[in-house]
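> let's see this in three dimensions:
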Amino acid sequence: AEIAITSLAKSLGADKIGIEILAECLDGGYDIEPIVITDEEAVGACLKFALDHGMLVEPACGASMAPLYYHGDRVRKLCGGGGDGRCIVVEVC
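Next up is the predicted model:
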């Protein structure tokens, strides 16, 4: 089956995942929960980041920041509430 990336945020996309990375994610003891980000959220995160930090980034980068801007409660829950000094790092590209 042909896989196509139809999102605006396609520069960091891949149509398949490497078997080693998949195995590490599934067996590495990580608590992984996917979050689907809409194009609107990705672009909105770019704009919010520009207002917050004076730097405009592309939608693929906005997609990585969108969970923090639009799904903060879910992110905090995944991180155990965030009150114990845990940090979330998002690489801005």
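> break down this protein into its strands, ranges please.
With strands called from DSSP state E, the chain shows none.
> tell me which residue is most central in it.
The chain has S64 as the residue nearest its centroid, 2.9 Å off, counting by Cα atoms, centre = their mean.
> which secondary element of this protein has the worst mean pLDDT?
helix 72-78 (a mean of 84; mean pLDDT, DSSP states H and E).
> now tell me what touches that helix from outside.
D31, E33, I35, P67, L68, G82, I88 (Cβ atoms under 8 Å, 6 or more residues apart in numbering). C-beta: built from backbone N, CA, C; applies to glycine.
> for the residue nearest to the centre of the chain, what are its contacts?
Counting by Cβ under 8 Å, 6+ apart, S64 has contacts L12, V90, E91.
> circling back: quick one: which of the contacts of helix 72-78 is most hemmed in?
Neighbour counts for these, by other Cβ atoms under 10 Å, peak at P67, which reaches 18 neighbours.
> so that residue sits against E33, correct?
No - the pair P67 / E33 is not scored as a contact, 10.1 Å apart, by Cβ atoms under 8 Å.
> picking that back up, buried ones in the least confident helix or strand of the chain, by neighbour count?
V75, L78 (16 or more other Cβ atoms under 10 Å).
> helices of this protein, residue ranges please.
For the chain, the helices defined by DSSP state H cover 19-27, 39-53, 59-70, 72-78.
> got those helices as CSV, with distance to A4 columns?
As requested, the helices of the chain are exported to CSV (distance: least, Cβ to Cβ, whole Å):
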stretch, distance to A4
helix 19-27, 20
helix 39-53, 15
helix 59-70, 16
helix 72-78, 27
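> deepest-packed of those, please.
helix 59-70 (a mean of 21; mean count of other Cβ atoms under 10 Å).
> next, the angle from that helix to helix 39-53.
Between helix 59-70 and helix 39-53, the angle formed by their directions is 80 degrees, by axes from the mean of the first three to the mean of the last three Cα atoms, to 10 degrees.
> heads up, I number from 688, so please use that
I'll keep to 688 as the first residue from here, and by that count the last item is helix 746-757.
> tell me the pLDDT at E707?
Looking at E707, its pLDDT is 92.
> A688 too?
The predicted local confidence for A688 is 61.
> where does this protein dip in pLDDT?
688-689, 768-773 (pLDDT under 70).
> alright, I will stop here.
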